[in-house]
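**Student:** Okay, here's the prediction I keep looking at, along with the sequence it came from:
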There are 2 protein chains.
Amino acid sequence: MAARELQTQAAAGPVVLARSGLHACLGEPVLGAINFLNEVIDRYPEAISFAPGAPAPSLLETVDVAADLETYIAHLGRVEGLTEAQVRRRLYQYGPSRGIINGLLAEALQRDQGIEVAPGGIVVTVGFQEGMLLTLRALFAGPGDVLAMVQPCFVGAVGAARVLGIDTLPVDEGSEGVDLDQLRAVCARARAEGRRIRAVYVAPDYANPSGTLLPLALRVGLLEVAAQEDFLLLEDATYGFTAPDERALPSLKALDQEGRVIHFGTLAKIAMPGLRVGFVVADQRVAGGTVLADDLTAIKSMTTVNTSPVCQAIVGGMLLSHGVSLQALGDAKGRYYGERLNSLLSALQRHVDTGKDGLPAWNRPRGGFFVRVRVPVVVDAALLEVSARDHGVLWTPMSSFYLDGGGRHELRLSCSYLTDAQIDEGVSRLGRFLRDPRICGKRP
Amino acid sequence: MAARELQTQAAAGPVVLARSGLHACLGEPVLGAINFLNEVIDRYPEAISFAPGAPAPSLLETVDVAADLETYIAHLGRVEGLTEAQVRRRLYQYGPSRGIINGLLAEALQRDQGIEVAPGGIVVTVGFQEGMLLTLRALFAGPGDVLAMVQPCFVGAVGAARVLGIDTLPVDEGSEGVDLDQLRAVCARARAEGRRIRAVYVAPDYANPSGTLLPLALRVGLLEVAAQEDFLLLEDATYGFTAPDERALPSLKALDQEGRVIHFGTLAKIAMPGLRVGFVVADQRVAGGTVLADDLTAIKSMTTVNTSPVCQAIVGGMLLSHGVSLQALGDAKGRYYGERLNSLLSALQRHVDTGKDGLPAWNRPRGGFFVRVRVPVVVDAALLEVSARDHGVLWTPMSSFYLDGGGRHELRLSCSYLTDAQIDEGVSRLGRFLRDPRICGKRP
């Protein structure tokens, strides 16, 4: 107990808070993962960084916040018949915790994916991240409730679980997108321990960091297992917009007949991150005649009250300028990233030599921002330091994305933030780094 | 266990989530309190409502978001030397979880209150609400940590604790602002139970809902008890800007010599709610050489990632237009609300008859948005219905603001949202309501 107390150094001196007295989540590596990377980036400003999954700066050049706002305000006047004073209240006052652009989002989901959801079944959130936090808080009632996560897995999803102290179990993606046999085994094991898999987190479309597209048969299979094992699916749709038209598959939510899928969208990539707008489709029925979105809304009223209506209005303007379609809003950006991904893959082909052991090796995703490279050595902070200091190139260790210490021989490259010239030069540096005797010397 | 399972109605039908399988916080009345009031307001649109503590619509008439943004962008170019492309990255990309206007806020806190804090000791949050959530998550490590709250108490502060499952104990405000003897007794009782009061939530300046200004001697006394009992103070400074100049007292943070005060500010009232910008001053030292703000930042990276830099930039522009002073930004608004408060108090004098029993009675705060009225009957949802339906006037039951069932004979009136004419007519209706035989008939 003593260690958990505040430690007052001296009668008049400042208190020093004991680290052991702070919440356990602060000791979780995932909470420091982003900070760690940013520190490395700061220390090596000349390095070319394949680390950030942030949108390309060039795509922000045409952003015109004032014009988008005007578009939405004109819509409020023309379609909803609001006076100027009413518009000001809608945008500048507190607003409904559920959001103000839910109707536009519902229209877009119907148009883009055939998903039929009432505006009240959607909650507008401060990005994907808050949506995940609210959903986990609502669904996980006690210590017996476990979140299964298809790994490798976006750190934000893991971090939200850590902040709430929710237990997680990994299910490997395997070669296809998700190992359903392993998932069934995880459910059985949890049940044997008196626990239950309450939900499974999965990003079916060119996931961060794996780049995998979950095939249609496995989407259907995952829904079947969800029904058999009685869990919900938390579908992260962040990278769906990067799917080339001919390869786009229906989302889990679009395939869902039973109401088992909670669908997370974000405007960070198709509009811009600086607005902090995302949404959750949570139209599951709750006993008593409400929907799950009502519960997420109640929790949101105590986490952020509401998502800035100014930011929602800017998103609303962007949607209105793109035929009220998320897909149309993201279309040109999806093509842009497709080109960068091709540049990255062809640069790898040009600059990286594969040895007799078949390493380095990399996957060849058809969408998303990310490529994984398997190397013959352990990928850790020390190796990143060597890469940055001696070769001027940065990337992300894949182990950050595993719940169980996996991914130790892999690194992640992101193409989203760089130009073709930077990609070429960066991969050329990466090639030299991978030929560094400290790395290729380890080859068998 | 069966009741916690999902209940699949039929093989092909939609699942229905059992309420008992959702997190316990969703059963807490405080999470539904705002929703309940909004529903009543919706059902009686013609009623005059003293319920909302939202800013006056007339104060939003001069808001010019595009101009504020321009002001901040010009500052970034002129003072920080950013190019246009860099400005776009700063505003439209992901940004640091800690915030981008921390330097301006630190400057304002120094100028307004003589608080010396490094920009890194501040975290910019999605309003007060997220600041409270992050701070509670960081500080409350286990079930033995208890939050004491000076009651009556803002529901948002209680709600954040409920969402995180943190135990709370009330300490009565009493007639002076806080009952220090009771606070000491609460600490002793917790200790005897093997628990500890980790922090005390208090709003020293014209608190919502009590309207009390904590006198200087009690501010000093509270800091002394904090040192003796080894807890932290969570200071909610929301209504400080409404203090008439001659009555303004130093904040707890300004008086704090030991680093025991975590100070919460919000721009909702002095700028506007629609931006969702607040801040936490958390420059407490943590063993190992960091500050508490670093930990709040790490948690924030997993709750909302960062506060919209667009919204922060708008706030930044407003601050720059007001000499980088929160006080100057809120000054005219503070005077405006002072006038409304006077209108409310004089209308009560005109329209409400006090009986021989001294009831109805009300307090006479000199700042803030709120007046409490004590009545001779139990104030509950049924009484609010009578007031709304039969007399066309709405208010908030004070029991919502107590942790222990207190306040059952009180209601809260807010002056912030109404014009003088509405206040006069509303209080006139309130007077008729209070003369209703169903209420005054209960008088002894």
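**Tutor:** Nice, I can see it. Here the structure is a predicted model, which means the values were calculated and not measured.

**Student:** Whatever residue of the stretch 251-400 of chain A ends up closest to chain B - how many residues pack around it?
**Tutor:** Chain B sits closest to A:Met302 of the stretch 251-400 of chain A, with a gap of 3.4 Å, by CB to the nearest CB. Every C-beta, even on glycine, is put in place using the N, C-alpha and C of the backbone. Using other CB atoms under 10 Å in any protein chain shown, A:Met302 has 29 neighbouring residues.

**Student:** what's near enough to touch it?
**Tutor:** Listed by CB atoms under 8 Å, 6 or more residues apart in numbering or on different chains, the contact set of A:Met302 reads B:Cys25, B:Val30, B:Leu31, B:Gln129, B:Leu133, B:Gly156, B:Gly159, B:Ala160, B:Arg162, B:Val163.

**Student:** Leaving out chain neighbours, which residue sits closest to it?
**Tutor:** Leaving aside its sequence neighbours, A:Met302 sits nearest to B:Gly159 (CB to CB, 6 or more residues apart in numbering or on different chains; 3.4 Å).

**Student:** List the buried residues of the helix or strand harbouring that neighbour.
**Tutor:** Assigned by DSSP states H and E, B:Gly159 belongs to helix B:155-163. Within helix B:155-163, the residues that count as buried by 16 or more other CB atoms under 10 Å in any protein chain shown are B:Val155, B:Gly156, B:Ala157, B:Val158, B:Gly159, B:Ala160, B:Ala161, B:Arg162, B:Val163.

**Student:** show me what contacts the residue of the stretch 51-200 of chain A found nearest chain B?
**Tutor:** For the stretch 51-200 of chain A, the residue closest to chain B is A:Gly159, as judged by CB to the nearest CB, at 3.4 Å. Applying CB under 8 Å, 6+ apart to A:Gly159 gives the contacts A:Glu28, A:Val30, A:Leu31, B:Ser301, B:Met302.

**Student:** go on, A:Met398?
**Tutor:** Residues in contact with A:Met398, defined by CB under 8 Å, 6+ apart, are A:Pro152, A:Pro209, A:Arg372, A:Val379, A:Gly407, A:Arg408, A:Glu410, A:Leu411, A:Arg412.

**Student:** host element of the fourth one?
**Tutor:** For A:Val379, there is no host helix or strand (DSSP H and E).

**Student:** do the third one as well
**Tutor:** Element membership for A:Arg372, per DSSP H and E: strand A:370-374.

**Student:** Which neighbouring elements make contact with that strand?
**Tutor:** Packing partners of strand A:370-374 (3 or more CB pairs under 8 Å, 6 or more residues apart in numbering or on different chains; DSSP states H and E): helix A:326-351, strand A:361-362, strand A:410-414.

**Student:** The closest residue to A:Gly323 other than its chain neighbours: helix or strand, and which one exactly?
**Tutor:** In space, and not counting its chain neighbours, A:Gly323 is closest to A:Arg111: 7.6 Å by CB to CB, 6+ apart. In the assignment (DSSP H and E), A:Arg111 maps to helix A:102-113.

**Student:** quick one: which of the contacts of A:Gly159 is nearest B:Ala85?
**Tutor:** Nearest to B:Ala85 among those is B:Ser301, at 25.2 Å by CB to CB.

**Student:** Taking the centroid of chain A, which residue is nearest it?
**Tutor:** Note on chain A: the residue nearest the mean C-alpha position is A:Phe154, at 5.4 Å, using CA atoms, centre = their mean.

**Student:** pLDDT score for the closest residue to it other than its chain neighbours?
**Tutor:** Nearest-residue entry for A:Phe154: A:Asn208, 4.8 Å, with adjacent residues in sequence omitted and distances by CB to CB, 6+ apart. A:Asn208 is assigned a predicted lDDT (pLDDT) of 95.

**Student:** hang on, A:Asn208 packs against A:Thr238?
**Tutor:** Yes. A:Asn208 lies in contact with A:Thr238 (CB atoms under 8 Å); the separation is 6.9 Å.

**Student:** any residues in contact with both of those two?
**Tutor:** Taking CB under 8 Å, 6+ apart as the criterion, A:Asn208 and A:Thr238 both touch A:Phe154.

**Student:** what helix or strand does A:Pro376 sit in?
**Tutor:** Per DSSP H and E, there is no helix or strand for A:Pro376.

**Student:** Near it, how many other residues are there?
**Tutor:** Using other CB under 10 Å, A:Pro376 has 18 other residues around it.

**Student:** And for the one 5 residues further on?
**Tutor:** The local packing count at A:Ala381 equals 11, with neighbours defined by other CB under 10 Å.
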